[in-house]
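K.L.:
Sequence plus predicted model, see below.
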Amino acid sequence: MFKHILVAFDGSTYSQQALPTAIEFALKFDSDVLVEHVSEHDRGRAVVYSSESPADATRLVGDAVKQIRDAGITAKGHVSDVGTGHVAKAIMETANANNIDLIVMGSRGLSDVQGLLLGSITHKVIQMATIPVLVDRTRGVKELNAEAAPQATRKGALVTG
Ligand SMILES: Nc1ncnc2c1ncn2[C@@H]1O[C@H](COP(=O)(O)OP(=O)(O)O)[C@@H](O)[C@H]1O
Ligand SMILES: [Mg+2]
């Protein structure tokens, strides 16, 4: 079990936090790790455009693969280029093609939508998957820093017994 792990990596702080989690599993279960990045494209009026170049995507995946290899784990990277709107499907296709038996991903990603418990890609992958999906809810560094910032004193009644 968990011999072939896929980490879905979009470069967000959430997915960066998922890497050490995947590394721990891989060390424990003697697994290899596949870092999957799907190049997302936005649809403009007439054209499909992306701010991410193929070189950016390769570099992103390469850095993650290096981090995993540095821990002594067999790792490789894969970039899927899908056009628009099929990120979760691409993740599942890569998982199926590589006999993956565990998917590790962040709970959130690059979107700046506040208040969402679960990003849409994570939501879709959980729905589509027929293998275990580990959603790492460790929060991103940015969010942890925000929490560490001084907060207004909470007002409330003190109830004693
Ligand atoms: N393009 C992508 N390629 C690979 N993994 C992705 C991609 N987009 C999202 N993920 C995975 O899904 C997780 C949640 O991201 P997502 O559902 O897109 O949330 P958000 O809506 O906040 O962007 C990420 O932490 C990452 O593990
Ligand atoms: Mg996203």
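P.N.:
Perfect, I can see it now. In this text the structure is predicted, and so the values were computed from the model without any measurement. Ligands and ions are numbered 1, 2, ... in the order given.
K.L.:
Every contact and neighbour count from this point should use C-alpha atoms.
P.N.:
OK.
K.L.:
This protein: helices as residue ranges?
P.N.:
13-29, 54-69, 87-97, 120-128, 141-148 (DSSP state H).
K.L.:
Just name the most buried of the ones you listed.
P.N.:
Among the helices of the chain, helix 13-29 has the highest mean neighbour count (mean count of other CA atoms under 10 Å), at a mean of 20.
K.L.:
orientation of that one relative to helix 54-69 in degrees?
P.N.:
Orientation check (axes from the mean of the first three to the mean of the last three CA atoms, to 10 degrees): helix 13-29 against helix 54-69 gives 40 degrees.
K.L.:
CA atoms only for helix 13-29 - export them in CSV, please.
P.N.:
Below are the C-alpha coordinates for helix 13-29, written out as CSV (Å, rounded to 0.1, in the frame of the first residue of the first chain):
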residue,chain,number,x,y,z
THR,A,13,2.2,27.5,0.1
TYR,A,14,-0.5,24.8,0.7
SER,A,15,1.0,22.4,-1.8
GLN,A,16,4.5,23.2,-0.5
GLN,A,17,3.3,22.1,2.9
ALA,A,18,2.1,18.9,1.4
LEU,A,19,5.6,18.0,0.2
PRO,A,20,7.1,17.1,3.6
THR,A,21,3.9,15.1,4.3
ALA,A,22,4.4,13.1,1.1
ILE,A,23,8.1,12.6,2.0
GLU,A,24,7.1,11.2,5.4
PHE,A,25,4.7,8.8,3.8
ALA,A,26,7.3,7.8,1.2
LEU,A,27,9.9,7.1,3.8
LYS,A,28,7.5,5.1,6.0
PHE,A,29,6.1,3.0,3.1
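K.L.:
Would you mind pulling up the elements that that helix packs against?
P.N.:
Where contact means 3 or more CA pairs under 8 Å, 6 or more residues apart in numbering; DSSP states H and E, helix 13-29 is packed against strand 4-8, strand 32-39, helix 54-69, strand 102-106, strand 133-136.
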